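K.L.:
Kindly generate the corresponding structure for this input.
(one chain, ligands or ions: 1)
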Amino acid sequence: MLLTKSGFHKSEECASEILARNNIKAAPIPLEEIVIKEGLNIVKYDLGDDISGILIINEAKGTIGVNPKDSYYRQRFSIAHELGHFLLHADSSAFFVDKDFLIKYRHTNKNYSNAERKQEQEANAFAAALLMPAKIIESEIENGQILGLTETELIAQLAYKFKVSEVAMSYRFTNLNNYF
Ligand SMILES: [Zn+2]
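P.N.:
Reported below is the predicted structural model:
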């Protein structure tokens, strides 16, 4: 099941709102600052080898747990993903546990229902839109020193600037090409 256009736009719109509300117009996105302003706590906690992020909501207060064993870029993506669950999917009390986002929502993984898979895709789309806003990527490309770069080099340069993995930036490029 692919993320529907409406699911994608919901995630994009929510991320845009957060960026506007916090007056963020340049990369890298100050993620932890945003999360704290949105009223959540971040706790670094050894979650074991295969869990990269959790979200606990108790009486509308959210705590994001992130695995300090993961790379810095991975931690950023996990935090943004959990913020997405908080904003898009959470009730006043909820509990999300995230293993490998990229495997979790694969079509062939029968352990998750379609509804769960949709939530994971939306949280990923939100994380991508928050950490790699289309407008800021556009202005980086317009104003940056990109002449003569191959697409791979451009993606590497942008990934460095936005503090995301090259894989995440490369997915973002593909998705933006498909939708816009
Ligand atoms: Zn998730």
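K.L.:
How about the backbone phi and psi for the spatially most central residue of the chain?
P.N.:
Against the mean C-alpha coordinate of the chain, by C-alpha atoms, centre = their mean, the closest residue is A127 at 1.5 Å. The phi and psi values for A127, taken as degrees, to the nearest 10, are phi -60, psi -40.
K.L.:
how far away is it from R172?
P.N.:
With the distance defined as C-beta to C-beta, to the nearest Å, A127 ends up 10 Å from R172. Heads up, the C-betas are built off the backbone N, CA and C, glycines and all.
K.L.:
do I36 as well
P.N.:
Relative to R172, I36 is positioned 25 Å away (criterion: C-beta to C-beta).
K.L.:
Which one's more surrounded, those two?
P.N.:
Higher neighbour count among I36 and R172: R172, with 23 against 12, using other C-beta atoms under 10 Å.
K.L.:
Quick check: that one touching I137?
P.N.:
Yes: assessed by C-beta atoms under 8 Å, R172 is found in contact with I137 at 7.5 Å.
K.L.:
residues touching whichever residue of the chain sits closest to the ion, list them.
P.N.:
Among all residues of the chain, D98 sits closest to the ion, at 4.1 Å; criterion: C-beta to the ion. Going by C-beta atoms under 8 Å, 6 or more residues apart in numbering, D98 touches 51-54, 78, 81-82, 104, 120.
K.L.:
Show me which of these has the smallest pLDDT value.
P.N.:
pLDDT across the contacts of D98 is lowest for K104, at 46.
K.L.:
Excluding residues flanking it in the chain, which one is nearest the residue nearest to the centre of the chain?
P.N.:
The spatially closest residue to A127, leaving aside those adjacent along the chain, is A80, at 3.6 Å (C-beta to C-beta, 6 or more residues apart in numbering).
K.L.:
now do K161
P.N.:
With sequence-adjacent residues excluded and distances taken as C-beta to C-beta, 6+ apart, K161 is closest to A27, at 5.1 Å.
K.L.:
sec struct for that neighbour, please.
P.N.:
The three-state label for A27, taken from DSSP: H, G, I helix; E, B strand; the rest coil, comes out as coil.
K.L.:
residue contacts, the residue nearest to the centre of the chain?
P.N.:
77, 80-81, 83-84.
K.L.:
what's the helix or strand for the residue sitting furthest away from the middle of the chain?
P.N.:
Farthest-out residue of the chain from its mean C-alpha position, per C-alpha atoms, centre = their mean: G148, at 29.5 Å. Counting by DSSP states H and E, there is no helix or strand that carries G148.
K.L.:
where's F77 relative to S113, distance?
P.N.:
Distance, F77 to S113, by C-beta to C-beta: 23 Å.
K.L.:
neighbour count winner among these two?
P.N.:
When F77 and S113 are compared on other C-beta under 10 Å, the one with more neighbours turns out to be F77, at 27 against 9.
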